[in-house]
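S.K.: Coordinates for the following, if possible.
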Amino acid sequence: MNIVISVNIVNLVDIVAKALKKEVIFICRDTEIKEVHFDTNHFNHIFWKDEIDLKERLIKMISESIKP
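M.R.: Reported below is the predicted structural model:
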């Protein structure tokens, strides 16, 4: 499984990954929720407050997505 992590911007990597049916995890600081790009606002995002919170949320999301 390939996972692409996107940081609150839309770029070619995100578009190609989605087109290839790859898992993309969009992340954004919780203070920037209103800044989520309109092209990705309908996808799941991880909104995080600090690095520890981000790490915990990423581990949880990745673990849940690779369960058989």
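
S.K.: In contact with the nearest residue to Arg57 once chain neighbours are set aside, which residues?
M.R.: The spatial neighbour of Arg57 that comes closest, neighbours along the chain excluded (C-beta to C-beta, 6 or more residues apart in numbering), is Ile46 at 4.7 Å. Where you see a C-beta, it was placed from the backbone N, CA and C, and this is true even at glycine. Contacts for Ile46 (C-beta atoms under 8 Å, 6 or more residues apart in numbering) come out as Ile25, Phe26, Ile27, Cys28, Leu54, Arg57, Leu58, Met61.

S.K.: can I get the residues you listed in CSV with secondary structure and pLDDT?
M.R.: As requested, these are exported to CSV (DSSP: H, G, I helix; E, B strand; the rest coil; pLDDT from 0 to 100):
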residue, secondary structure, pLDDT
Ile25, strand, 82
Phe26, strand, 84
Ile27, strand, 84
Cys28, strand, 86
Leu54, helix, 92
Arg57, helix, 94
Leu58, helix, 91
Met61, helix, 88
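
S.K.: His45 bridge partners, please.
M.R.: Taking DSSP bridges as the rule, His45 bridges to Phe26.

S.K.: For it, give its distance to Asp53.
M.R.: Distance, His45 to Asp53, using C-beta to C-beta, to the nearest Å: 13 Å.

S.K.: Let me see the ranges of the helices in this protein.
M.R.: Remark: helices assigned in the chain by DSSP state H are 12-19, 51-65.

S.K.: Kindly reformat those as JSON lines containing distance to Asp39 and mean neighbour count.
M.R.: Listed next are these as JSON lines, based on distance: least, C-beta to C-beta, whole Å; neighbours: other C-beta atoms under 10 Å:
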{"stretch": "helix 12-19", "distance to Asp39": "8", "mean neighbour count": "13"}
{"stretch": "helix 51-65", "distance to Asp39": "20", "mean neighbour count": "12"}
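
S.K.: Right, I'll call it a day here.
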